[in-house]
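Asker: Predicted model and sequence follow; I will ask about them next.
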Amino acid sequence: MFGNPQGKGFSYSWGKCSSLLRQCMHDITAKHGNRGNPFILRRLPGCGGRSVHRYATAVSRKMVNCRNNLGKLFNANESNEIIFTKNATHSLNQVAKGLNWEKDDVILTTDREHNSNLVPWLQLEEEKGVTTGSLSLMKIIHSALRISKMHVRKLERT
């Protein structure tokens, strides 16, 4: 994108997300896994919404299409209700810190949660006075199986 001092092509600078990536970076990422830029392995070396070169524009289009499809899948009123975060922990923290929690709110988890799905809720219990509780995952599974079996038997009779 930028002319280099020798006037050949463009200069390469590793800006991780918005820079065009050299083939060697694609190769290294493909060999060692994707650790940062989710678009590298798809041969789209850019970040949607952060650059205007053709790769970033392609990423933007793919993200909009993906958001639209996910919005339909989850019956979202608008596609902009679908957000992408870097991982589940980040998503949980966004929900925990982003909603307006009140004292009479109840947060239920299971007895088999990872620490990253317990700490935000316990912090809210302490900070906002919400009530937290946990349900037995095994009881939930057994109940779901019982309901499923009843449904299958009902279908077999009809």
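Answerer: Yep, it's here. Numbers count the residues shown, from 1 in each chain.
Asker: which stretches of this protein aren't confidently modelled?
Answerer: 1-50, 158 (pLDDT under 70).
Asker: any idea how it splits into domains?
Answerer: 23-81, 91-157 (automatic domain parsing).
Asker: Would you reformat those as JSON lines and include mean neighbour count?
Answerer: All C-beta atoms are positioned from the backbone trio N, CA, C, and that covers glycine. Below are the domains of the chain laid out as JSON lines (neighbours: other CB atoms under 10 Å):
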{"stretch": "domain 23-81", "mean neighbour count": "14"}
{"stretch": "domain 91-157", "mean neighbour count": "12"}
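Asker: Tell me where the chain has strands.
Answerer: For the chain, the strands defined by DSSP state E cover 106-110, 131-135.
Asker: Identify the residues contacting residue 140.
Answerer: By CB atoms under 8 Å, 6 or more residues apart in numbering, the residues touching residue 140 are residue 110.
Asker: how close does the closest residue to residue 122 other than its chain neighbours get to residue 108?
Answerer: Leaving aside its sequence neighbours, residue 122 sits nearest to residue 132 (CB to CB, 6 or more residues apart in numbering; 6.4 Å). Going from residue 132 to residue 108 by CB to CB, to the nearest Å gives 8 Å.
Asker: Also residue 90?
Answerer: To residue 108, residue 90 is 21 Å away according to CB to CB.
Asker: do the same with residue 156
Answerer: Distance, residue 156 to residue 108, using CB to CB: 33 Å.
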